[in-house]
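Engineer: could you look at this predicted model? Sequence included:
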Amino acid sequence: MTTERVSIHGQWSSRLAFILAATGSAVGLGNIWKFPYIAGENGGGAFVLVYLMCIAVIGIPIMMAEVMLGRRGRQSPINTMRTLASEEGVSRHWQWLGWAGVLAGFLILSYYSVIAGWALAYVFRAGSGLFTGQTADGIQSIFTSLTSDPERLLAWHTLFMVMTMVVVARGVRSGLETAVRLLMPALFVLLLVLVGYAWNSGAFEQGIEFLFTPDFSKITADGVLIAMGHAFFTLSLGMGAIMVYGSYLPDNASIAKTSIAVSLMDTLVALLAGMAIFPIVFANGLEPGLGAGLIFTTLPIAFGHMDGGAFFGMLFFILLVFAAWTSAISLIEPAVAWMVENMGLNRIHASVLAGVVTWLVGLLTVFSFNIWSDVTPLSGIPIFHDKTIFDLLDYLTANIMLPLGGLLIAVFAAWQMRKSSSADELAMGEGFFYTLWRFLVRYITPLAVVIVFLHVIDII
Ligand code: PHE
């Protein structure tokens, strides 16, 4: 029997609506901005292979676990964890997992919003024809003049936070569902157009080879951690975003099928982004390891040289903003849902409060690209060497907090929860697929995360 609990925040109108919302959460800057640049920094093929393996054996099972917990608890992740822990007769301390997720959400959104601000700024730069006919150097200096100006970054960051809070305040269902329904397919088509351009760039093969030919001498323990962390990041796992979306999922929807669909779409978008970007990198003699500015310094070259480039460029950055927007909403939803449940706030007040806090933390990232670009607070620790505040926030959240959150979700779902409870909620029988899921979540996820962590800190 499934539980009779209903969420006070409402429910998705259908299974498809959930798939769209979860895909909206998963597909974001992680796929189009982050995946190409970290693949570039970590040597390409081998990194991509590790990432794909992590998606398959860790990501999909953990997504199922998160949706399952969310739908069973039907509350914010904090209260869901508390309720489920008491139902399963285990420690109340499991609610801390919800709190850690809320913290991770704030920290991620604080820098996510700044980068989304770059995309907003680029909508106007592309649309005004600024990229037309520019050389790689010219494009680079357009990027630098944006990031070196704290006032401009702040303005775009503020705008993006306001946009996010407006949608969150309205509730997840109205607006979001429709937006995702139209925009995700559009983004997909535009990425295909860009891959088409890259195809003719003269370096398509080189780009594909870089992405898909694994050379294991190029990957380090840290690279493996980054690939694993990114699998969590790109699928929105380990912090409660997918859990809270799961809490709005209708009872009769298949958790396994929806999770697989979302993961496949997310992966496809990331690979398409890589296939669009690396040929342009090589065709223009650029370095794959350019870092966080990679898409902002490569794709404009393509837009600057193609027919109708100003239009396509503008469209591309608009879609990127939308992809970021639908992810940003899910980063803050666990906190907002909790505030509504426990602080007696309405959604509007809760959104404003969460938005202001995130906006303030975002200042750290704004300044870390200019006035604090030399500040590397934890340089004494080898794995944090040379990392700016932005780098640290990104590393700490994506590579440490999310995998740790995922590990604990796995432990809860497969060790603390009764088998009958998870089997009941997943509703896929107790056959081969359920057994495989439980095996992956019970053994493989915890082991993989622990082994990778120990490798990075050089214990094994
Ligand atoms: N998955 C989003 C992206 O790839 C980022 C995200 C992470 C969203 C964690 C929610 C939770 O851009």
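Structural biologist: All right, it came through fine.

Engineer: just the buried residues of the helix or strand where S422 lies, please?
Structural biologist: Using DSSP states H and E, S422 falls within helix 419-426. Going by neighbour count (16 or more other Cβ atoms under 10 Å), the buried part of helix 419-426 is S421, S422, A423, E425, L426. Using the backbone N, CA and C atoms, a C-beta is placed for each residue, glycine as well.

Engineer: of the residues you listed, closest to A337?
Structural biologist: Checking the buried residues of helix 419-426 against A337 by Cβ to Cβ gives E425 as the nearest, at 19.3 Å.

Engineer: residue contacts, that closest one?
Structural biologist: Counting by Cβ atoms under 8 Å, 6 or more residues apart in numbering, E425 makes contact with T2, M68, R71, R72, I255.

Engineer: now render these as TSV, adding secondary structure and neighbour count.
Structural biologist: Listed next are these as TSV, based on DSSP: H, G, I helix; E, B strand; the rest coil; neighbours: other Cβ atoms under 10 Å:
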residue	secondary structure	neighbour count
T2	coil	11
M68	helix	29
R71	helix	26
R72	helix	25
I255	helix	23
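
Engineer: closest one to W415 out of those, please.
Structural biologist: Taking Cβ to Cβ as the measure, M68 is the one of the contacts of E425 closest to W415, at 14.3 Å.

Engineer: just for the chain, where's the confidence low?
Structural biologist: For the chain, the stretches flagged by pLDDT under 70 are 1-3, 172-173, 175-176, 178-179, 459-460.

Engineer: show me what from it comes close to the ligand.
Structural biologist: By Cβ under 6 Å from any ligand atom, the part of the chain that sits against the ligand consists of 25-26, 28-31, 108, 233-234, 236, 239, 241, 327, 330-331.

Engineer: which residue does the stretch 301-450 of the chain have closest to the ligand?
Structural biologist: Closest approach between the stretch 301-450 of the chain and the ligand, counting by Cβ to the nearest ligand atom: S327, at 4.1 Å.

Engineer: doesn't L235 make contact with that residue?
Structural biologist: No - S327 is beyond contact range of L235, at 10.9 Å (criterion: Cβ atoms under 8 Å).

Engineer: what do these two both touch?
Structural biologist: Common neighbours of S327 and L235 are listed as A26 (criterion: Cβ under 8 Å, 6+ apart).

Engineer: between those two, who's got more neighbours?
Structural biologist: Neighbours per residue (other Cβ atoms under 10 Å) separate S327 from L235, with L235 holding more: 30 against 26.

Engineer: give the burial count for the residue lying closest to I255 once chain neighbours are set aside, as a bare number.
Structural biologist: For I255, ignoring the flanking residues on the chain, the nearest one in space by Cβ to Cβ, 6 or more residues apart in numbering is V67 at 4.9 Å. Neighbours of V67 under the rule other Cβ under 10 Å: 26.

Engineer: and S13, what helix or strand is that in?
Structural biologist: Using DSSP H and E, S13 sits in no helix or strand.

Engineer: and it, how far is that from the ligand?
Structural biologist: 21 Å (Cβ to the nearest ligand atom, to the nearest Å).

Engineer: look up phi and psi at that residue.
Structural biologist: phi -70, psi -20 (degrees, to the nearest 10).

Engineer: what's the neighbour count on it?
Structural biologist: Neighbour tally, S13, other Cβ under 10 Å: 12.

Engineer: which of the three states applies to the closest residue to K218 other than its chain neighbours?
Structural biologist: Leaving aside its chain neighbours, K218 sits nearest to G43 (2.9 Å; criterion: Cβ to Cβ, 6+ apart). Secondary structure for G43, judged by DSSP: H, G, I helix; E, B strand; the rest coil, is coil.

Engineer: can you give me the neighbour number for the closest residue to the ligand within the chain?
Structural biologist: Nearest residue of the chain to the ligand, counting by Cβ to the nearest ligand atom: G30, 2.1 Å away. Other residues lying near G30 total 27 when counted by other Cβ under 10 Å.

Engineer: show me the contacts for it.
Structural biologist: Applying Cβ under 8 Å, 6+ apart to G30 gives the contacts H230, F233, T234, A270, S327.

Engineer: and of the residues you listed, the nearest to T220?
Structural biologist: Nearest to T220 among the contacts of G30, counting by Cβ to Cβ, is H230 at 14.7 Å.

Engineer: chain center to the helix holding S422, what's the gap?
Structural biologist: Centre-to-centre, helix 419-426 and its host chain are 28 Å apart (Cα atoms, centre = their mean, to the nearest Å).

Engineer: tell me the helix or strand right after it.
Structural biologist: Sequence order places helix 432-439 as the next helix or strand after helix 419-426, per DSSP H and E.
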